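A.B. asks: Below is the sequence, then the predicted model.
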Amino acid sequence: MARQDLLAKTFVELADNLVADFDTLDLMSLLAQRTVDLLDVDASGLMLSDARGGLQVMASSTETAHLLELSQLQNQEGPCLDAFRTARPVMTDDLRTEDRWPHFGAECVAAGFASVSAFPMRLRDTVIGGLNLFREQPGGLDDGDTLLAQALADVATITILQERMVRDAHLLSEQLQRALNSRVVVEQAKGVVAERVGTGVDEALAWLRGHARHHNRRLTDVAEDVIAGRVSVDSPTKRSDW
């Protein structure tokens with residue numbers, strides 16, 4: 001496939017997350033491989049931040065690149081970490097003379113790599129990871145490949161964040177619906193208690209809450225049991241039930 005056609009196909013694939021089986025790991029694996037196919041690099045690796053804000057290796061084009069990514073995390077040094085922390089690209093033309101990452105640089109050279117470039121996966125002020133590109137020859141990427149590498153990382157970032165937003169919005173909607181359903185159940189149970197024992201709805205709610213606390217249960221579960229007749233409410237004045 002011609003480079004221009006592959007480039008167009010890659011951007012479409014990176015942006016296409018509106019499918020039921022979208023998978024972040026698949027997306028990262030695609031990005032790792034396509035950066036090697038499209039850019040003047042020999043290997044690549046990707047890290048994403050986890051729920052605690054730490055980085056985790058997600059995908060690599062080769063096992064060697066995977067081990068070098070793990071080395072960055074183990075030694076807490078390397079261009080991908082710096083790109084993530086600063087939200088800016090980090091590059092070195094010759095790892096043999098680079099002193100910013102002594103452990104990582106030595107391991108890269110031992111693995112046959114002479115230069116490396118790292119790009120933040122970012123959207124405005126949000127940084128979710130980093131893209132690391134390895135070259136066997138000294139020298140950095142040219143301007144065109146530098147712009148393309150950041151563009152690929154940016155599109156992947158937008159895709160991941162959009163998927164997270166859709167997922168979070170769906171979760172929020174489900175939580176809200178569950179809360180609304182629970183409110184309806186509790187309201188019904190309040191009516192049952194008030195009617196059966198001739199008390200007000202405030203007192204009925206207090207009994208439901210007290211019963212839930214006393215038996216270490218959720219209020220909604222107690223309300224459902226009251227409606228279904230699994231909990232007796234004939235004597236709500238019994239203080240052990242409040």
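C.D. replies: Yes, it's here.
A.B. asks: Domains in the chain, by residue range?
C.D. replies: 3-163, 180-241 (automatic domain parsing).
A.B. asks: show me where the chain has helices.
C.D. replies: Remark: helices assigned in the chain by DSSP state H are 3-15, 24-38, 63-75, 79-86, 102-110, 143-197, 201-214, 219-228.
A.B. asks: Name the residues of the fourth one that come out as buried.
C.D. replies: Read it as helix 79-86. With burial defined by 16 or more other C-beta atoms under 10 Å, the residues of helix 79-86 counted as buried are 79-84. Quick note: C-beta positions are derived from backbone N, CA and C, even for glycine.
A.B. asks: ok, now the last one?
C.D. replies: Of the residues in helix 219-228, those with enough neighbours to count as buried (16+ other C-beta under 10 Å) are 219-220, 222-227.
A.B. asks: How about the third one?
C.D. replies: Counting neighbours by 16+ other C-beta under 10 Å, one finds that the buried residues in helix 63-75 are 64-66, 68-69, 71-73.
A.B. asks: what would the residues you listed look like in CSV with distance to Asp5?
C.D. replies: Putting these into CSV (distance: C-beta to C-beta, whole Å) gives the following:
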residue, distance to Asp5
Thr64, 29
Ala65, 26
His66, 29
Leu68, 31
Glu69, 30
Ser71, 36
Gln72, 34
Leu73, 36
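A.B. asks: Quickly compare the domains of the chain and say which is most buried.
C.D. replies: Comparing the domains of the chain by mean neighbour count (mean count of other C-beta atoms under 10 Å), domain 3-163 ranks first with a mean of 18.
A.B. asks: still on that earlier bit, closest to Gln56 out of the buried residues of helix 63-75?
C.D. replies: Leu73 (7.8 Å; C-beta to C-beta).
A.B. asks: lowest-confidence helix or strand of the protein?
C.D. replies: helix 3-15 (a mean of 77; mean pLDDT, DSSP states H and E).
A.B. asks: Report all helices and strands that it contacts.
C.D. replies: helix 24-38, helix 143-197 (3 or more C-beta pairs under 8 Å, 6 or more residues apart in numbering; DSSP states H and E).
A.B. asks: which intervals of the protein have sub-threshold pLDDT?
C.D. replies: Residue ranges of the chain with pLDDT under 70: 1, 15-23, 163, 165-176, 179, 234-242.
A.B. asks: farthest residue from the center of it?
C.D. replies: Gly198 (52.0 Å; C-alpha atoms, centre = their mean).
A.B. asks: mind checking how far that residue is from Val231?
C.D. replies: Separation of Gly198 from Val231 (C-beta to C-beta, to the nearest Å) stands at 18 Å.
A.B. asks: ok, Phe84 touching Ser49?
C.D. replies: Yes - judged on C-beta atoms under 8 Å, Phe84 makes contact with Ser49 at a distance of 7.3 Å.
A.B. asks: Which residues are in contact with each of these two?
C.D. replies: Contact criterion C-beta atoms under 8 Å, 6 or more residues apart in numbering; residues shared by Phe84 and Ser49: 55, 127, 129.
A.B. asks: which one of those residues is nearest Leu95?
C.D. replies: Leu55 (20.4 Å).
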